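# need a structure here:
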Amino acid sequence: MPPLPEPPRRWWLLGLLLGLATPALAKPTGPAAFCAEYPTAPACQGTQPACTYCHVAPPQRNAYGAALEPHLAPGKPRPLSDEDFAAALPAALRAIATADADGDGAPNQFEVEQGSLPGDATSVPPSGVCGGGENPQFKVCQYDPRFVYRRMLSDFCGTSPTYVQVATFVELGNPDTQRAFIDQELDRCLQSDFWRGKHGQLWKVAHPKIRPIGSIKSGEDAGQIPLADYDDDYALFTWSQTDDHDARDVLTATFHVKRAGTNPTTYTSTPSLPSQTVDAAHRAGNMTSAWTLTSFVMFTALPRNAASQMYRAYLGLDIAKQEGLHSVASEPRDYDAKGVQAPQCAACHATLDPLSYPYRNYNGISGVLSNRYLPNRLELLFPNDVATLKNTPEKGVILGQPVNNLLEWARVAANSDAFAISTVTDYWKLLVGHAPLPEENEEFVRTWQAFRSTHGYRVQKMLHDLIRTEAYGAP
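Residues are numbered from 1 along each chain as shown. The predicted structure is shown next:
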């Protein structure tokens, strides 16, 4: 079984509830059954409950998982089938709803409904109590425009306000006038090199998506083995996150972006770049960049690593942590004979392999044929591999939806709730300083839903919403 990529830190957002009745196998039916029982739970608002609801690390159960287990179809032979597990889970959840599995003083159902973890004593529901004492500078536990002004300049411009700037801001008086001024200043800061320049804040957001390795970089600041230039990926990412551009372009663009100058740094779309070799008809934003194909496809026949990295980086779904599993019937087929049909592998690969098939004809490293789309790639470059390899289809499945190729994969991903949630989470963590807490979930859900439905995936407009939240603006 090929190793799965390392996990990111988005464990709490999306995942699946594991099958408690079997020690090693996941139960992909679990999330739907859990959310049918708790449809208003924060973990079910465009997401699925993470495996940490019931496990410390699979298969080890936490206190909540251990409490559920004896109520899951008692008397039925183990392991339970997916169907039996899904049928038994609602009654088991109800059976322990009023219990306190982790001993933190909050009943399980209350924790689920408030967004804390019922199996983790350190995760507790919001108390409704904020701070204590007086602060002569700020309105503690309330949205404070003066606090937001100072924080916003630091976060987006990289500067602290002068005494004169603060005094001028205070003299504006009316909170609505102050908020309008903050919006104006935010738009100014979003043009700064601190925000959008090379190694600026947006580049920091992109680091875990692009995963740069300087030793194999080409172009500016080339490394010892220059194979591909990841600056192109940062340029497209920054383009997609700025001005009135659509954030989904990072996955769906058929164009490239070039960066120029400093103070201000500019980004301009262009139909081609000499450093990019995938033809326009087969481009899917950073999913098909030379850097992605070099560093994630490399020499691999079936590029599972590329598919899982895109799934994790842009949708926040980490298959290595059994998140975002949407098992496909009759999968995995194991076309490359890697042993992924073994029970300990199949639960993940029934999702991962169909995610990977659309990468079938995207080549990584192989001399003059590197980093391009080759219609007969497997037949041409892997003639001596197992005979079944050539049967690998280009059609795949993402989020339960069949797709014919990688371009369709990218469109489904970019239009998903997971993409909107993951994008807003990136900025929430950058600006608020942590992933959304249970008491912040209502504002967080409102922000990502508006980003998708109201703002048409425009990050700049979403950031105006984010800095108006109490999570950002209450000292």
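# Okay, buried residues for stretch 153-161 please.
L153, D155, F156, C157, P161 (16 or more other Cβ atoms under 10 Å). All C-beta atoms are positioned from the backbone trio N, CA, C, and that covers glycine.
# Out of those, name the ones that lie in helices.
Assigned to helices by DSSP state H, none of the buried residues of stretch 153-161 qualify.
# Can you tell me which of those residues is nearest S81?
Nearest to S81 among those, counting by Cβ to Cβ, is D155 at 50.5 Å.
# who's in contact with the closest one?
Applying Cβ atoms under 8 Å, 6 or more residues apart in numbering to D155 gives the contacts Q201, L430, L431.
# what do you get for L430?
Counting by Cβ under 8 Å, 6+ apart, L430 touches D155, Q201, K204, V205.
# That one and P49: what is the separation?
Going from L430 to P49 by Cβ to Cβ, to the nearest Å gives 25 Å.
# Kindly report the same for Y230.
Taken as Cβ to Cβ, the span from Y230 to P49 is 35 Å.
# sorry, back to before: using a markdown table, lay out the contacts of L430 together with pLDDT.
Output for these, formatted as a markdown table (pLDDT from 0 to 100):
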| residue | pLDDT |
| --- | --- |
| D155 | 98 |
| Q201 | 98 |
| K204 | 98 |
| V205 | 98 |
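# I would like a PyMOL command selecting only the buried ones among those residues, please.
Buried residues among those (16+ other Cβ under 10 Å), as a PyMOL selection:
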select buried, resi 155+201+205
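# For stretch 341-351, what does the pLDDT average out to?
On average, the pLDDT along stretch 341-351 is 91.
# Export only the CA atoms of it, formatted as PDB.
Extracted in PDB, the C-alpha atoms of stretch 341-351 (Å, rounded to 0.1, in the frame of the first residue of the first chain):
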ATOM      1  CA  GLN A 341      -7.700  -3.900  -1.600                       C
ATOM      2  CA  ALA A 342      -6.300  -5.200   1.800                       C
ATOM      3  CA  PRO A 343      -8.900  -4.500   4.500                       C
ATOM      4  CA  GLN A 344      -6.700  -2.000   6.300                       C
ATOM      5  CA  CYS A 345      -6.300   0.000   3.100                       C
ATOM      6  CA  ALA A 346      -9.600  -0.400   1.200                       C
ATOM      7  CA  ALA A 347     -11.700   2.000   3.400                       C
ATOM      8  CA  CYS A 348      -9.600   5.000   2.300                       C
ATOM      9  CA  HIS A 349      -8.600   3.800  -1.200                       C
ATOM     10  CA  ALA A 350     -12.300   3.400  -2.200                       C
ATOM     11  CA  THR A 351     -12.300   7.200  -2.100                       C
END
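# Just the ones of the contacts of D155 in helices?
Checking those against DSSP H, those in helices are Q201, L430, L431.
# which of those residues lies closest to T40?
Nearest to T40, judged by Cβ to Cβ, of those is L431 at 27.0 Å.
# Out of the contacts of L430, the closest to V403 would be?
V205 (26.7 Å).
# what's the domain layout of the chain?
Following the assignment in automatic domain parsing, the chain carries domains at 1-123, 139-158+416-475, 303-413.
# Including distance to W291, could those domains go into a markdown table?
Converted to a markdown table, these look like this (distance: least, Cβ to Cβ, whole Å):
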| stretch | distance to W291 |
| --- | --- |
| domain 1-123 | 16 |
| domain 139-158+416-475 | 19 |
| domain 303-413 | 9 |
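# how about the strands in this protein?
55-57, 60-61, 256-260, 266-270, 396-398, 401-403 (DSSP state E).
# okay, and for the protein, where does confidence drop off?
For the chain, residues meeting the criterion pLDDT under 70 lie at 1-29, 50-51, 57-59, 128-140.
# Closest to the centroid, which residue in it?
The centre of the chain sits closest to G316, judged by Cα atoms, centre = their mean, with a distance of 1.9 Å.
# and the gap between the nearest residue to it once chain neighbours are set aside and L72?
Nearest non-adjacent residue to G316, counting by Cβ to Cβ, 6 or more residues apart in numbering: S422, 3.5 Å away. Distance, S422 to L72, by Cβ to Cβ: 31 Å.
# next one: S366
50 Å.
# cool, and A180?
Taken as Cβ to Cβ, the span from A180 to L72 is 55 Å.
# neighbour count winner among these two?
Using other Cβ atoms under 10 Å as the criterion, A180 and L72 rank with L72 on top: 21 against 12.
# residue with max distance from the center of this structure?
E171 (41.5 Å).
# quick one: contacts for that one?
By Cβ under 8 Å, 6+ apart, E171 lies in contact with nothing.
# Ok, the one 10 residues further on next?
In this structure, F181 makes contact with Y149, F169, L172, judged by Cβ under 8 Å, 6+ apart.
# doesn't E185 make contact with the first one?
Yes - counting by Cβ atoms under 8 Å, a contact exists between Y149 and E185, whose distance comes to 7.3 Å.
# Okay, F147 and G473: tell me how far apart.
According to Cβ to Cβ, F147 and G473 sit 6 Å apart.
# And F299, by the same measure?
Distance of F299 to G473, given as Cβ to Cβ: 50 Å.
# more crowded one of these two?
With neighbours defined as other Cβ under 10 Å, F299 and G473 compare such that G473 has more, 23 against 11.
# I'd like the distance between the residue nearest to the centre of the chain and F299.
For G316 relative to F299 (Cβ to Cβ), the value is 28 Å.
# E220 now?
For E220, the distance to F299 equals 26 Å [Cβ to Cβ].
# Give the burial count for D417, as a bare number.
Other residues near D417 come to 16 when the count uses other Cβ under 10 Å.
# now do S327
Neighbours around S327, by other Cβ under 10 Å: 22.
# wait, what's in contact with the closest residue to Y457 other than its chain neighbours?
Counting by Cβ to Cβ, 6+ apart, A247 is the residue found nearest to Y457 once chain neighbours are left out, at 4.5 Å. Going by Cβ under 8 Å, 6+ apart, A247 touches S240, Q241, T423, Y457, R458, V459.
# got it, and N108?
Per Cβ under 8 Å, 6+ apart, neighbours of N108: Y64, A67, I96, A97, T98, A99, D100, A101, P118.
# what's the distance between the fifth one and V112?
Distance check for T98 against V112: by Cβ to Cβ, it reads 12 Å.
# and if you look at the first one?
In this view, Y64 and V112 are 9 Å apart by Cβ to Cβ.
# so what sits against both of the two?
P118.
# Compare T98 and V112 and say which one has the larger neighbour count.
When neighbours are counted by other Cβ under 10 Å, T98 and V112 differ, and V112 comes out ahead with 26 against 10.
# how far away is that one from E69?
Distance of V112 to E69, computed by Cβ to Cβ: 17 Å.
# Can you report how many residues lie near E443?
So E443, with other Cβ under 10 Å, has 18 neighbours.
# OK, contacts around the closest residue to A346 other than its chain neighbours?
Spatially, and ignoring its direct neighbours in sequence, A346 is nearest to P332 (6.1 Å; Cβ to Cβ, 6+ apart). Going by Cβ under 8 Å, 6+ apart, P332 touches V340, Q341, C345, A346, H349, A350, L352, D353.
# what's the answer for A410, then?
When contacts are taken as Cβ under 8 Å, 6+ apart, A410 is in contact with L251, T252, A284, G285, M287.
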